[in-house]
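# Could you look at this predicted model? Sequence included:
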Amino acid sequence: MRHKFYKMAILVVILSICLFQSCDKDCPICPNEDIGEPGNYRLYTINGHNTFTLYAIDIPADTIVDSVALGHGFYNCFLTPDGDRLLVTNWDTRQMEVYNTVDLSHLETLTDQYGDYYFDKTDNIGIYYSVVNKKIFFIDPATLTPLDSIPRSIGDGFLDTVTNLFIAPKFNTNIVYLIDCNSRTLIDSLDMGHLVYNLAYNWLTDDIYFHGKQDDYGGFYCYDMASDSITLAITTTAPFGGVTISPDGTKIYMTDGGDGWHFIYPRGDIGVLNAETHELIELIPPYIIPPGDRISYPLFGRIFITPDGQRAYVGESWNNNAYTPIAVVDLRKGKIIKGLFNDVDFSSGAIAIGPVPE
């Protein structure tokens, strides 16, 4: 029997009002206690508007340490488990270009492995989805050599590094595939009841969170694997937002990405939910604090959390027609502290975070 949907819309409004009225006029959200210093990492991103430049950015300084011009057609990037190579997707050539993370020098071209990549360093798992062949390939993470494959056409997937499950929606359908990476087999197909876009799996609660669409409306949903039912439904402006899970599995972070190409613009808040209760814990508004400036077009999409869980970097949504900086979120304080490339023509959904290369 399906669980009753949580009625979140009113709670969102109430919490939003409380957050905006609880601080002074220059601070839309109050900081929490400062705990420790964020770790040192390297972020890679591509400006998908006009310049098609690949950047390497220091974390936590959030300063550019290197850059290289790519040329037209580059749109996504993936970091290998050793942190030494960056795989960059070229839509025009249907090839993957490989760059050295130390100095962004070009290493090689993968002519027949164009697609999306997923890695689990701890368990030595590598996956890439071939957009050309419509297959899910298991690969050697070190050499990138294909080992086995499953013929399926999928959208953007999610590799859970705790359970070794690869979860991906069947392209343009309500179906989600569950694939066991240990046995390299398809173990189940689930009907979400909604057209599925971006998704994430929470190993702690055995839930799948996803952005979806039913009729012409967008929504954010939770599918409970144990009860085979939807246990959370929140109306969104469009199904193009992002979702990710905190490293400890206790919090869910989501965005409402809007639909810029159809002039549908969301408020731009980043929602934080309790994974156990689905209670909305807080809304992180689209303001850079300080100085308190609002991001003009907060069409936020995918969310990338640093390994220490202290910061999140939020890219643009799929249907973005404006310039949206990468939002740097201090998760300890619950606020956006910076907008990377906020003063230039920039938008990117391509983000990869890894160790500082040596």
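Received it, and whenever you're ready, just let me know what you need.
# what helix or strand does the residue most central in space within the chain sit in?
Nearest to the geometric centre of the chain sits residue 302, at 2.9 Å (CA atoms, centre = their mean). Element membership for residue 302 (DSSP states H and E) is strand 300-305.
# partners of that strand in the sheet?
With DSSP bridges as the test, strand 300-305 is paired with strand 311-316 (antiparallel).
# one step back: roughly how far apart are the residue lying closest to the residue nearest to the centre of the chain once chain neighbours are set aside and residue 281?
Nearest in space to residue 302, with sequence neighbours left out and distances taken as CB to CB, 6 or more residues apart in numbering, is residue 242 at 3.9 Å. Bear in mind the C-beta positions are built from the backbone N, C-alpha and C, glycine included. Residue 242 is 17 Å from residue 281, where distance means CB to CB, to the nearest Å.
# who has more neighbours, the two?
Comparing residue 242 with residue 281 by other CB atoms under 10 Å, the one with more neighbours is residue 242, at 26 against 14.
# any idea how far that one is from residue 78?
Taken as CB to CB, the span from residue 242 to residue 78 is 17 Å.
# just residue 339 next, same as before
Taken as CB to CB, the span from residue 339 to residue 78 is 24 Å.
# Looking at these two, which is more packed in?
Higher neighbour count among residue 339 and residue 78: residue 339, with 22 against 19, using other CB under 10 Å.
# any idea what that one is structurally, helix, strand or coil?
Classification of residue 339 by DSSP: H, G, I helix; E, B strand; the rest coil places it in strand.
# so where does residue 239 fall, helix or strand?
If you go by DSSP H and E, residue 239 is not part of any helix or strand.
# How about the secondary structure of residue 261?
Under three-state DSSP, residue 261 falls in the helix class.
# what residues are up against it?
319, 321 (CB atoms under 8 Å, 6 or more residues apart in numbering).
# Residue 304 pairs with what?
Taking DSSP bridges as the rule, residue 304 bridges to residue 313.
# what about it, distance to residue 67?
For residue 304, the distance to residue 67 equals 19 Å [CB to CB].
# can you check residue 312 too?
Residue 312 is 23 Å from residue 67, by CB to CB.
# next helix or strand past the lowest-mean-pLDDT helix or strand in the chain?
Ranked by mean pLDDT, DSSP states H and E, the helix or strand of the chain with the weakest confidence is helix 9-21, at a mean of 38. Following helix 9-21 in sequence order, the next helix or strand is strand 41-46 (DSSP H and E).
# Note down every partner strand of the helix or strand following that next one and its orientation.
Note on strand 41-46: by DSSP H and E, the next helix or strand toward the C-terminus is strand 53-59. Here strand 53-59 has these sheet partners by DSSP bridges: strand 41-46 (antiparallel), strand 63-69 (antiparallel).
# can you put those strands in CSV and add distance to residue 173, mean neighbour count and mean pLDDT?
Below are the strands paired with strand 53-59 laid out as CSV (distance: least, CB to CB, whole Å; neighbours: other CB atoms under 10 Å; pLDDT from 0 to 100):
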stretch, distance to residue 173, mean neighbour count, mean pLDDT
strand 41-46, 29, 23, 97
strand 63-69, 38, 13, 97
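# closest one to residue 255 among those?
Residue 255 sits nearest to strand 41-46 of all the strands paired with strand 53-59, at 16.7 Å, using CB to CB.
# Pull the residues that contact the closest one.
Contacts of strand 41-46 (CB under 8 Å, 6+ apart): 52-60, 65, 70, 74-77, 79, 83, 86, 88, 101, 304, 306-307, 313, 315, 326, 340, 348, 350-357.
# Got a ChimeraX select line for the buried ones in the residues you listed?
In ChimeraX, the members of those classed as buried (16 or more other CB atoms under 10 Å) are selected with the following command:
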select :52,53,54,55,56,57,59,60,70,74,75,76,77,79,83,86,88,101,304,306,313,315,326,340,348,350,351,352,353,354,357
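# Isn't residue 75 up against residue 48?
Yes. Judged on CB atoms under 8 Å, residue 75 makes contact with residue 48 at a distance of 5.6 Å.
# hey, what's in contact with both of these two?
Common neighbours of residue 75 and residue 48 (CB under 8 Å, 6+ apart) are 349-350.
# Show me what the mean pLDDT comes to for the strand holding residue 302.
For strand 300-305, mean pLDDT is 97.
# How about stretch 193-205?
pLDDT averaged over stretch 193-205 gives 97.
# so who does residue 127 touch?
117-119, 136-139, 157, 159, 166, 181.
# Mind listing the residues bridging to it?
Under DSSP bridges, the beta-bridge partners of residue 127 are residue 118, residue 138.
# about what we covered before: ok, the residue nearest to the centre of the chain to residue 328 distance?
14 Å.
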